[in-house]
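S.K.: predicted model, plus sequence, below.
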Amino acid sequence: MRMAAWLYLFLAFGFIYLPVGTLVLFSFQEGTLPVPPFNGPSLGWYADVLSDDDVTDALLHSLLVAIGSSATAVLFGFLAAYGLARHVLPGSALMRVLLIAPLTVSYLIVGLGLLIVLNRTGVGLSLITAGIGHVVINLPLAFAIIYASMGAQHENAERAARDLGASEAKVVLLVTAPMLAPALAAAFFLSVTLSWDEFIIAFLLTRFDITLPVEIWSMLRSGLSPRLNAIGSVVFLISVTAVLMLEFTVLRRRRS
Amino acid sequence: MTASVRLEALNHWFGTFHALQDISLEINAGEYVTLLGPSGCGKTTLLSVLGGFIDPSQGTVFIGHADMTRVPPAKRPTTTMFQDYALFPHMNLRDNVAFGLRMAGVAKAERYRKADEKLDLVGLKADGAKRPHELSGGQRQRVALARALAVEPEVLLLDEPLGALDLKLRRAMQDELKDIQRQVGTTFVHVTHDQEEAMAISDRIVVMNAGRIEDQGPPSRIYREPASLFAADFMGEMNHIPAEVEASVAHTALATLPVATLPQGAATVCIRPEEIRQDGEGLALGQATVREATFFGTFTRAHVTPVSAPEMVLVAHLPPTDLPKPGAVLHLSVLPEDIRVFMKEIA
């Protein structure tokens, strides 16, 4: 029985991590095909990838879009959550629903919709338009996370701050936002991971400057190569970093 | 810094609920006043009106002779100490205490000096660098007090500040609050539902019930000569004896007692348990049988049934040396000045 449990655990984690493990393993392949047998290890493909300007540019673009769109989504999400949690507004239930609803819309639809609107208005495609697309998909998430953590004890601290002479802006800046720091960080890092490896919206809404997933896709068309494994491993590493940051901030909140 | 407070004809409605009904109250500068009453009596609403968190539907709030009725909390010479302390969890104690001064634009060195002074006042001088979550409940309560006092308010409002503390700590903090109030001289308005707490710290108690002021005065006066049956009951245990008043006597099942001139009709005679005597002094209340008696340290608490009214149960506090057996017969009496009579309210 105990053995079966361990076997189940092993299989489950194997199912989840075997593809990623294989990808990372064959990024160290000595040779031109990312298939067994494994020869190496070698860092040659990493050197190749990191000296390719197209790849490093795309990597920087991705980081830029991820950080910029996440910061924007968190800012808007925070403002919306503060407004809806702290003030009695007409139709606030409907507004909450409308803010979270885009979560249910497929990325393809969001991307196509934005593409049509941008074409009609004559705004050229760029990293900024891809960033706007990512704000659209990350805002509901950021709003939901931040809104859920705005508790009554925060409200009392805000009341105390007002009582001690703080203006509304200072209450938000010095009391509300710092108290919500764990939720803000969680929303930010989650948005970063989602934006970082998002493909379809970035594919539809960029033109000359492209993000890393779009670059990988264009490279895929010329066949499998350990280069792709190396890029994939870099993408994975950065995602893991963001997730660890998220985990760290959320865990820290639980402890205190 | 200290100021007087005057409330004139305050009324407040929450929807159709009449939460404050014609409240008029004067509080002297430097006075320690307690608003005492059960949950929902309007005491916290009244405090919120004083602090500026609730705009009263009608009436005026004067603080130090200035009309403050529509002035927001930030602009009032009041600070509130909240029930859950409402400390800022992301700031250390010194920054918490200095927050109000920071908002007032006081320079850093000066506000830290004042914050340390206030932390010293509440006995937390060495803990300025700690965060609120490292403190016990009693310590948080002290920080909240220091933070509220740091801006040198003219009136400090305390919303059940000791409610979350255990009994022993609560009693210790009462003495400390009273002591600090004497040192700083600020007017304190304190909300509580604990009548012992109110008696321990107040210069004056304001007893509230259902949105009205039932009675107000020094603790001993309210305890000994309450203005209403509600105030009498709320201030401590009370024996109720149904009576019929007729030409300055009250007929009860126990005895006919002389009373001051009162209107005729149904009334309630009230006697505190500790005022029921066995030494025969004063007015005789007849014989009573002990149902049970329990030793309480400083007194013996006995439930007795008067022989002339077998359906009635009275509580009497006897000397601690005296522990009668159930069934024992006592001769009860009461001093004339210890009797209070309240006419039955015509419903």
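M.R.: Received, thanks.

S.K.: what about the helices in the chain?
M.R.: This is for chain A. Taking DSSP state H as the test, the helices found in chain A are A:2-26, A:44-50, A:53-86, A:92-100, A:107-121, A:127-148, A:152-163, A:168-170, A:177-179, A:181-196, A:200-205, A:212-220, A:226-255.

S.K.: please refer instead to chain B.
M.R.: Assigned by DSSP H, chain B shows helices spanning B:43-51, B:93-103, B:108-121, B:137-150, B:167-184, B:195-201, B:219-224, B:229-234.

S.K.: okay if I get the ones you listed as CSV plus distance to chain A?
M.R.: (Each C-beta comes from the backbone N, C-alpha and C, glycine too.) CSV is the format used below for these (distance: least, C-beta to the nearest C-beta, whole Å):
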stretch, distance to chain A
helix B:43-51, 7
helix B:93-103, 4
helix B:108-121, 12
helix B:137-150, 7
helix B:167-184, 17
helix B:195-201, 22
helix B:219-224, 29
helix B:229-234, 28
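
S.K.: could I get these as JSON lines with mean neighbour count and mean pLDDT?
M.R.: As requested, those are arranged in JSON lines below (neighbours: other C-beta atoms under 10 Å in any protein chain shown; pLDDT from 0 to 100):
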{"stretch": "helix B:43-51", "mean neighbour count": "24", "mean pLDDT": "89"}
{"stretch": "helix B:93-103", "mean neighbour count": "25", "mean pLDDT": "90"}
{"stretch": "helix B:108-121", "mean neighbour count": "17", "mean pLDDT": "88"}
{"stretch": "helix B:137-150", "mean neighbour count": "24", "mean pLDDT": "87"}
{"stretch": "helix B:167-184", "mean neighbour count": "16", "mean pLDDT": "85"}
{"stretch": "helix B:195-201", "mean neighbour count": "21", "mean pLDDT": "88"}
{"stretch": "helix B:219-224", "mean neighbour count": "17", "mean pLDDT": "89"}
{"stretch": "helix B:229-234", "mean neighbour count": "22", "mean pLDDT": "88"}
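
S.K.: out of the ones you listed, which gets nearest to A:Glu158?
M.R.: Shortest separation from A:Glu158 across the helices of chain B is recorded for helix B:93-103, at 12.0 Å, computed as C-beta to C-beta.

S.K.: gap between that closest one and the chain center?
M.R.: Helix B:93-103 has its C-alpha centroid displaced from the chain centroid by 30 Å (C-alpha atoms, centre = their mean, to the nearest Å).

S.K.: next, the angle from it to helix B:137-150.
M.R.: For helix B:93-103 against helix B:137-150, the angle by axes from the mean of the first three to the mean of the last three C-alpha atoms, to 10 degrees is 20 degrees.

S.K.: helix B:93-103 packs against which elements?
M.R.: Using 3 or more C-beta pairs under 8 Å, 6 or more residues apart in numbering or on different chains; DSSP states H and E as the contact definition, the elements that helix B:93-103 packs against are helix B:108-121, helix B:137-150.

S.K.: show me what the first one is packed up against.
M.R.: This means helix B:108-121. Counting by 3+ C-beta pairs under 8 Å, 6+ apart, the elements that helix B:108-121 packs against turn out to be helix B:93-103, helix B:137-150, helix B:167-184.

S.K.: pull the CA atoms of the first one into PDB?
M.R.: Included here for helix B:93-103 are C-alpha records, laid out as PDB according to Å, rounded to 0.1, in the frame of the first residue of the first chain:
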ATOM      1  CA  LEU B  93       6.400  51.000  16.900                       C
ATOM      2  CA  ARG B  94       8.300  54.300  16.600                       C
ATOM      3  CA  ASP B  95       6.900  54.900  13.100                       C
ATOM      4  CA  ASN B  96       3.500  53.900  14.300                       C
ATOM      5  CA  VAL B  97       3.600  56.400  17.200                       C
ATOM      6  CA  ALA B  98       5.200  59.100  15.000                       C
ATOM      7  CA  PHE B  99       2.600  58.700  12.200                       C
ATOM      8  CA  GLY B 100       0.300  61.500  13.300                       C
ATOM      9  CA  LEU B 101       3.200  63.900  13.700                       C
ATOM     10  CA  ARG B 102       4.500  62.900  10.300                       C
ATOM     11  CA  MET B 103       1.200  63.900   8.800                       C
END
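
S.K.: how about stretch B:236-250: buried residues?
M.R.: Burial within stretch B:236-250, assessed by neighbour count using 16 or more other C-beta atoms under 10 Å in any protein chain shown, is assigned to B:238-239, B:241, B:243, B:245, B:250.

S.K.: can you put those residues in a markdown table and add distance to A:Leu194 and pLDDT?
M.R.: Formatted as a markdown table, the buried residues of stretch B:236-250 follow (distance: C-beta to C-beta, whole Å; pLDDT from 0 to 100):
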| residue | distance to A:Leu194 | pLDDT |
| --- | --- | --- |
| B:Met238 | 67 | 89 |
| B:Asn239 | 71 | 89 |
| B:Ile241 | 75 | 87 |
| B:Ala243 | 78 | 85 |
| B:Val245 | 80 | 83 |
| B:Ala250 | 81 | 80 |
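
S.K.: in strands, which of the residues you listed appear?
M.R.: Among those, the members falling in strands (DSSP state E) are B:239, B:241, B:243, B:245, B:250.

S.K.: closest to B:Gly128 out of the helices of chain B?
M.R.: Shortest separation from B:Gly128 across the helices of chain B is recorded for helix B:93-103, at 3.8 Å, computed as C-beta to C-beta.

S.K.: could you tell me which residues of the stretch 51-200 of chain A lie near chain B?
M.R.: Within the stretch 51-200 of chain A, the positions near chain B by C-beta under 8 Å from any C-beta of the partner chain are A:153, A:156-157, A:159-167, A:170, A:174-175, A:178-179, A:181.

S.K.: just the buried residues out of these, in ChimeraX syntax.
M.R.: A single ChimeraX command suffices to select whichever of those are buried according to 16+ other C-beta under 10 Å:
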select /A:156,157,159,160,161,162,163,164,165,166,170,174,175,179
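
S.K.: buried ones in the longest strand seen in chain B?
M.R.: Determined from DSSP E, the single longest strand within chain B is strand B:283-295. Neighbour counts using 16+ other C-beta under 10 Å place B:283, B:285-286, B:288-290, B:293 of strand B:283-295 among the buried residues.

S.K.: A:Gly133: which of the residues you listed is nearest?
M.R.: Among these, and counting by C-beta to C-beta, the member closest to A:Gly133 is B:Ala293, at 81.5 Å.

S.K.: since we're on residue 11, how many residues are nearby?
M.R.: By default, I'm working from chain A. Neighbour count for A:Leu11, taken as other C-beta atoms under 10 Å in any protein chain shown: 11.

S.K.: the chain in question should be chain B.
M.R.: With neighbours defined by other C-beta under 10 Å, the count for B:Asn11 comes to 15.

S.K.: domain map for chain B?
M.R.: B:5-231, B:237-343 (automatic domain parsing).

S.K.: hmm, back to that, okay, the helices of chain B in a markdown table with distance to B:Ser4 next?
M.R.: As requested, the helices of chain B are exported to a markdown table (distance: least, C-beta to C-beta, whole Å):
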| stretch | distance to B:Ser4 |
| --- | --- |
| helix B:43-51 | 12 |
| helix B:93-103 | 22 |
| helix B:108-121 | 24 |
| helix B:137-150 | 19 |
| helix B:167-184 | 15 |
| helix B:195-201 | 19 |
| helix B:219-224 | 21 |
| helix B:229-234 | 24 |
